[in-house]
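A.B. asks: Pasting the sequence and the predicted coordinates here, then a few questions.
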Amino acid sequence: MELSLININASFLTNAERRSLVLHLLYTLESHEYLISIDSLIESYRDGYGILIDKEDLIIQNITEIMFKRKDLDKEIIPFVENWAFDRISVIVRLILRYSLWEIILICDRKIGGGFST
């Protein structure tokens, strides 16, 4: 018996589901050391999980920005984990910290009209 996937359009997900998907996508990128393309990532989630993500979707914009700013985000996080070697923190915790900080900065930038300069 073959399993069939139900296609899920990412644009119809709730905010909580979209955040979960962002973390899953970031985890996949991290697992591949950010060497896979966004197109390959989208294709693998479509083929493997039946999740349809438009390349122009905000989810892709978010993970792309987090991916490119990850070193700057990490520099901002490191002082708060002073008793830990940052590379010893589990991958998922690092991703949650990056994503959370990125969202906080994004919200603050929108409220005060500034830009994330790192």
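C.D. replies: Nice, thanks for sending it over.

A.B. asks: So what's the gap between the helix ranked longest in the chain and the chain middle?
C.D. replies: For the chain, the helix reaching the highest residue count under DSSP state H is reported as helix 91-112. In this view, helix 91-112 has its centroid 10 Å away from the chain centroid, taken as Cα atoms, centre = their mean, to the nearest Å.

A.B. asks: how about that helix: buried residues?
C.D. replies: Applying a neighbour-count criterion of 16 or more other Cβ atoms under 10 Å, one finds 94-95, 97-99, 101-102, 105 buried in helix 91-112. C-beta: built from backbone N, CA, C; applies to glycine.

A.B. asks: right, and out of those, which lies closest to residue 24?
C.D. replies: Lowest distance from residue 24 to the buried residues of helix 91-112 (Cβ to Cβ) belongs to residue 95, with 9.6 Å.

A.B. asks: what's the nearest residue to residue 13 if we skip its chain neighbours?
C.D. replies: Counting by Cβ to Cβ, 6 or more residues apart in numbering, the nearest residue to residue 13 once its immediate chain neighbours are dropped is residue 21, at 6.5 Å.

A.B. asks: where does the protein dip in pLDDT?
C.D. replies: In the predicted model, the chain carries pLDDT under 70 at residues 1-5, 111-118.

A.B. asks: switch to 80 and redo it
C.D. replies: Segments of the chain classed as low confidence (criterion: pLDDT under 80) are 1-6, 109-118.

A.B. asks: Show me the strands in it, by range?
C.D. replies: Per DSSP state E, the chain has strands spanning 8-9, 51-52. These are given in chain order.
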